Every structure is written in C-alpha cells, then in structure tokens.
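A.B. asks: here is the input, now give the coordinates:
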Amino acid sequence: MSSFDTAKIPATVITGFLGAGKTTLIRNLLASANGRRIALIINEFGDIGVDGELLKACGAETCTEDDIVELTNGCICCTVADDFVPTMERLLARGRMVDHIVIETSGLALPQPLVAAFNWPQVRQRVTVDGVVTVVDAHAVAAGRFADDEAAIAAQRAADASLDHDNPLEELFEDQLGCADMIVLNKADLVDEATLARIERDVAGQVPRAVKLVRAAHGALPADVLLGLASATEADIANRKSHHELEHADGAAHDHDDFASCVIRGGAVGDVRAMAGALKVVIERYDILRLKGFAEVAGKPMRLAVQAVGARVDCHFDRDWRTGEQRGTQLVVIGLAGMERAAIEAELAAALAG
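C.D. replies: Numbering: from 1, shown residues only. A predicted model of the protein is given here:
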C-alpha cells in the first residue's frame, strides 16, 4: 500500500447495508469536525433523496447545503463514469476548496468500483481515499439478516439440487466488509455483550487483513476516529475484489436486479403512533428491507422523518416546513426483487391514510 499523500484531498467512503446508520454516523462526524470544511456526496437507491435532506437539516457550519451533492435513483458503484467522476470534477473545480470529502454510498452499493475510480486520471492527482468505513447493524447481524438458514437450504438442495441458493444480502454484506479499512459495529446498545463479541469475531474473520473494529451506539463516533486513517485504499483495490469481480473476470457490468424500490406518496398523517404501528405490520408481512422518508402531520409545523429497518420504526420531527415547500408524505420502500409491489403500495397508502 502506498504512503498517504498529504498534498491530496482525503476522501472517506462510508458504506454499509440499508439502515446500518451511515447517515447518523455522518451527522455525528459533522458535529465534531473541529473546523474541517467537509463536502458530502450522498448516493441513494430510491428516486428521492432522504439522507441528503436529513444532512441538510443538521445545520453543521463546516458543511453547508452548497457542500452537499445528492446522487439518487441508482447505486454509485454502477454509475462511476456517468455520475461520480463528473461530480468529483465539478467539486474540484470550485473556487472554494474543502479539507475532506465524505461519500455515503447507497446501502446496496459495492464500494470496490467507487474506490477504483479514484485511480482515474481526473481524480487521482487531486484526491486519495483516506479510508473505507463500513457500518454494520449489529442488531440485524444478530437477528440473522445476512445469513442463510442452513437447515432450510439443505432441505431445498435435497429436493432439487439445481436450485440457485445465492444469497444477495449475504454476498453484498461480505463485499462491503471486504473493502473496509475500518468497521463500525453500530447499534451495539441493542445487542448483549456475548452476542456482540461473537459478531466481532465473525466479522473480523471475513476480512482478509487486519482492520480496526469499533463499537458505536446511534452512530456516535467523533470525526477524529473516522477521519485521518491515511489508508490510500485506491492503491490496494486489487486485493479487495467483490464477489461480482471474482465471478465475472470478463468485466461484465454489475447490476442490482436482486433489489427493487418504489415511492409511496400521501397527504397529511393524523396519528403518528397509529401510522408507525401500521407501517410495522406491512414491513413484517412483506419482509421490506428498508423504508424511509418524510411525512406531514396534520396541525404540526414540523416535518416528520420516518425511518424503518426491519421491524424497528422510528419517527421524529427534524425541522420546520419551509415557506413555499411542498408538503405531504413521501416514503421510499426497498425490498428484494419480486416483492409484491402492488399489494405493498396499497397497504402502505392505507396505513398513511388511516
């Protein structure tokens, strides 16, 4: 691995599966930036930018709205040439320079193609990858979200040996770990000590080199822990291949056919508690991976942020609605391909209306 070049702008890639807590981690990072001017590039799989909106509302002096770039409706790992490299070029061409760049990938993104893009001539002379930080939802790992039911698979194989048993969640999780310079076990407060210790051993065993593991609750880690890793990760990308790269040596393009998303829109919500309960029922019934967005609450001047991971639904008011801003409710839903989209849309619309 090459030495860190202090003449270049350091960039931190923050990756991790849907709902792991990447945006919360970045909010805490900005609050403890100690005067560093930070530019953010936020990528989301859905059609609307929820994470960027949440970060714009945090009011950090070291990262203004002009320093936040949103890339929606696709994973940055698939649009490096069309989206990421031009975005970096525009960022570097600005008159106002930054001290650090933080990139939040979509929860479905492979970090490897993004890191490799830092070797492109347009980027490599000016920017280096300070480190790849992979955020892990310890509670989801403990619940078996990224592991197969081996007994069930054995029964399926016995019945039909030709079945394809690839687990897209497990492979993506392994790829995000495999590119990491630091792994953050987030939501550690939701897991007992023995289980957390087991997760740490299992996670460390999936990374073919020594990486720093740190625990966090609510993404509460300061900037000084997350920034300044000086890894120059782009120089080591050949040793961090994804499942896709190992299986497709011919360079076939990676895609996200295993996943799907939709947007549910509605009017003002009358009862937040009832809405959250109804959302939880729908999420569990259809095994929705992630749900997030904003809601208008009848009679309230503030916007309600809605976040759901698995059966956990969190709602909080994040800021006042702005003058002239279009109100209403918009929720992004992400699930596995083949999810019962029409039924989900109908039931979620009823949950918002009811």
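
A.B. asks: point to the residue nearest the middle of the chain.
C.D. replies: Most central in the chain under Cα atoms, centre = their mean is Gly107, positioned 3.4 Å from the mean C-alpha point.

A.B. asks: what distance do you get for that residue to Ile42?
C.D. replies: Per Cβ to Cβ, to the nearest Å, Gly107 is found 12 Å from Ile42. Placement of C-beta: from N, CA and C, glycine included.

A.B. asks: am I right that the residue nearest to the centre of the chain sits in a strand?
C.D. replies: No - remark: Gly107 does not belong to a strand; assigned using DSSP: H, G, I helix; E, B strand; the rest coil, it is coil.

A.B. asks: all helices for the stretch 251-354 of the chain, in order.
C.D. replies: Under the criterion DSSP state H, counting those that start in this stretch, helices of the stretch 251-354 of the chain are mapped to 272-286, 341-353.

A.B. asks: so what sits opposite Arg215 in the bridge?
C.D. replies: With DSSP bridges as the criterion, Arg215 is bridged to Leu185.

A.B. asks: please parse this protein into its domains.
C.D. replies: 9-247, 259-353 (automatic domain parsing).

A.B. asks: pick the most buried one from these.
C.D. replies: Most buried of the domains of the chain, by mean neighbour count (mean count of other Cβ atoms under 10 Å): domain 9-247, with a mean of 19.

A.B. asks: can you give me the offset of that one from its chain's centre?
C.D. replies: 6 Å (Cα atoms, centre = their mean, to the nearest Å).

A.B. asks: which of the domains of the chain comes out lowest on mean pLDDT?
C.D. replies: Comparing mean pLDDT across those, the weakest is domain 9-247, with a mean of 79.

A.B. asks: longest single strand anywhere in this protein?
C.D. replies: strand 127-137 (DSSP state E).

A.B. asks: elements contacting that one?
C.D. replies: Counting contacts by 3 or more Cβ pairs under 8 Å, 6 or more residues apart in numbering; DSSP states H and E, strand 127-137 is packed against strand 9-15, helix 22-31, helix 111-116, helix 168-178, strand 182-186.

A.B. asks: the residue nearest to the centre of the chain contacts Gly21, correct?
C.D. replies: No - in this structure, Gly107 is not within contact of Gly21 by Cβ atoms under 8 Å, at 10.4 Å.

A.B. asks: wouldn't Arg265 be in contact with Val332 here?
C.D. replies: No - at 10.6 Å, Arg265 does not count as touching Val332 under the criterion of Cβ under 8 Å.

A.B. asks: rewinding a little: any idea how far Ala109 is from the residue lying closest to the residue nearest to the centre of the chain once chain neighbours are set aside?
C.D. replies: Nearest residue to Gly107, sequence neighbours excluded (Cβ to Cβ, 6 or more residues apart in numbering): Leu18, at 3.4 Å. Leu18 is 10 Å from Ala109, where distance means Cβ to Cβ.

A.B. asks: who touches the residue nearest to the centre of the chain in this structure?
C.D. replies: Gly16, Phe17, Leu18, Gly19, Ala20, Lys22, Phe45, Arg290, Ile334 (Cβ atoms under 8 Å, 6 or more residues apart in numbering).

A.B. asks: return the subset of the residues you listed lying in strands.
C.D. replies: In strands, judged by DSSP E, the following of the contacts of Gly107 are found: Arg290, Ile334.

A.B. asks: circling back: out of the helices of the stretch 251-354 of the chain, which is closest to Cys315?
C.D. replies: The closest of these to Cys315 is helix 272-286. By Cβ to Cβ, the value is 5.6 Å.

A.B. asks: what is the closest one packed up against?
C.D. replies: Helix 272-286 packs on strand 290-296, strand 302-309, strand 312-320, helix 341-353, going by 3+ Cβ pairs under 8 Å, 6+ apart.

A.B. asks: so it versus strand 312-320, what angle?
C.D. replies: Between the axes of helix 272-286 and strand 312-320, defined by axes from the mean of the first three to the mean of the last three Cα atoms, to 10 degrees, the angle is 140 degrees.

A.B. asks: please state the offset of helix 272-286 from the chain centre?
C.D. replies: For helix 272-286, the distance to the chain centre is 22 Å (Cα atoms, centre = their mean).

A.B. asks: contact partners of that helix?
C.D. replies: Counting by Cβ under 8 Å, 6+ apart, helix 272-286 makes contact with 269, 288, 291, 295, 297, 304, 306, 308, 310-311, 313, 315, 335, 339-340, 343-344, 347-348, 350-352, 354, all of which sit outside it.

A.B. asks: can I get that helix as CSV, trimmed to CA atoms?
C.D. replies: Below are the C-alpha coordinates for helix 272-286, written out as CSV (Å, rounded to 0.1, in the frame of the first residue of the first chain):
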residue,chain,number,x,y,z
VAL,A,272,-48.2,9.3,14.1
ARG,A,273,-48.3,6.4,16.6
ALA,A,274,-51.1,4.6,14.6
MET,A,275,-49.2,5.2,11.3
ALA,A,276,-46.0,3.7,12.8
GLY,A,277,-47.8,0.7,14.0
ALA,A,278,-49.5,0.1,10.6
LEU,A,279,-46.1,0.5,8.8
LYS,A,280,-44.6,-2.1,11.1
VAL,A,281,-47.3,-4.6,10.2
VAL,A,282,-46.8,-4.1,6.4
ILE,A,283,-43.0,-4.2,6.8
GLU,A,284,-43.1,-7.5,8.6
ARG,A,285,-45.7,-9.0,6.3
TYR,A,286,-43.7,-8.4,3.1
